[in-house]
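Asks: My questions concern the predicted model and sequence given below.
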Amino acid sequence: MEEQTQTRRAPKGLEAVEHFLNSVHYHEGREDEEQLTTPEGLRDWLAERELMSFDEPVTEGDLRRAVDVREGLRALALANNGVELDSTAVERLDRAASRAGLRVQAHPEGPRLEPDAGGVDGALAKLLGSVATAVADGSWQRFKACPRDCCRWAFYDNSKNRSARWCDMGSCGNVEKARAYRQRQRHAL
């Protein structure tokens, strides 16, 4: 999957959101790889990406809210790819986002959405602010997640006609096309 992130770069504002969604890697037939397993792990992950400082306290509740935001954003990215919206995941995202206040702040380059809190809530607000900016500039519709249940990798659709469906045609795309072909052959018999 690392190779695909280099060929399908998200715009600067959505890069951190893409990395956040891909902080878990789902696998078919083996254990998922979750990077956000402890409050300390969450703090380190966010601090390494300069979304908060390393000395901020992080609780189990912060970890739960962060995962709720991540999975709610994934549900929205899946919806951008034609998958039915998971309203439960979006409700949890909304609840978690209510603590991550954003405000408009004037800057020489123009107004920006800035976090109204510090710590994990501020870090989540930065990510959500990037999403809000992407919605406003039209780039959010290209931010998708792979529809394969064993993948769900977030990616940015750079295709000319916004029709990319799979995170990677060489893996998920080929597997799904072969599966669909086999299914058509069975029905044809």
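Replies: In hand now; what should we look at?

Asks: going forward, measure contacts and count neighbours with C-alpha atoms only.
Replies: Noted.

Asks: As a check, name the ranges of all strands in the chain.
Replies: Taking DSSP state E, the strands of the chain run over residues 24-25, 33-34, 102-105, 112-115, 143-145, 154-156.

Asks: and stretch 65-85, average pLDDT?
Replies: In this model, stretch 65-85 has a mean pLDDT of 97.

Asks: Same question for stretch 47-55.
Replies: In this model, stretch 47-55 has an average pLDDT of 96.

Asks: quick one: contacts of it?
Replies: Ala16, Arg43, Asp44, Leu46, Gly118, Gly119, Val120, Gly122, Ala123, Lys126 (CA atoms under 8 Å, 6 or more residues apart in numbering).

Asks: Could you rerun that using 10 Å?
Replies: For stretch 47-55, the external contacting residues (CA atoms under 10 Å, 6 or more residues apart in numbering) are 16, 19-20, 40-46, 56, 118-127.

Asks: Buried members of those into ChimeraX, please.
Replies: In ChimeraX, this line selects whichever of the contacts of stretch 47-55 come out buried by 16 or more other CA atoms under 10 Å:
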select :16,19,20,40,42,43,44,45,46,118,119,120,121,122,123,124,125,126,127
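
Asks: from the contacts of stretch 47-55, which ones fall inside helices?
Replies: Using DSSP state H, 16, 19-20, 40-46, 119-127 are the members of the contacts of stretch 47-55 that sit in helices.

Asks: quick one, which of the strands of the chain is nearest to Arg165?
Replies: Arg165 sits nearest to strand 143-145 of all those, at 8.0 Å, using CA to CA.

Asks: now that closest one, how far from the centre of its chain.
Replies: A distance of 7 Å separates the centroid of the chain from that of strand 143-145, by CA atoms, centre = their mean, to the nearest Å.

Asks: Pairing partners for that strand, with directions?
Replies: According to DSSP bridges, strand 143-145 forms sheet pairs with strand 154-156 (antiparallel).

Asks: Show the average pLDDT along the partner strand.
Replies: 94.

Asks: residues making contact with that strand?
Replies: 4-5, 7-11, 14-15, 17-23, 25, 73-74, 77-78, 139-147, 162, 164-168.

Asks: Buried ones from these, can you make that a ChimeraX selection?
Replies: Buried residues within the contacts of strand 154-156, by 16+ other CA under 10 Å, are selected in ChimeraX with:
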select :5,10,14,15,17,18,19,20,21,22,23,25,73,74,77,78,139,140,141,142,143,144,145,146,147,164,165,166,167,168
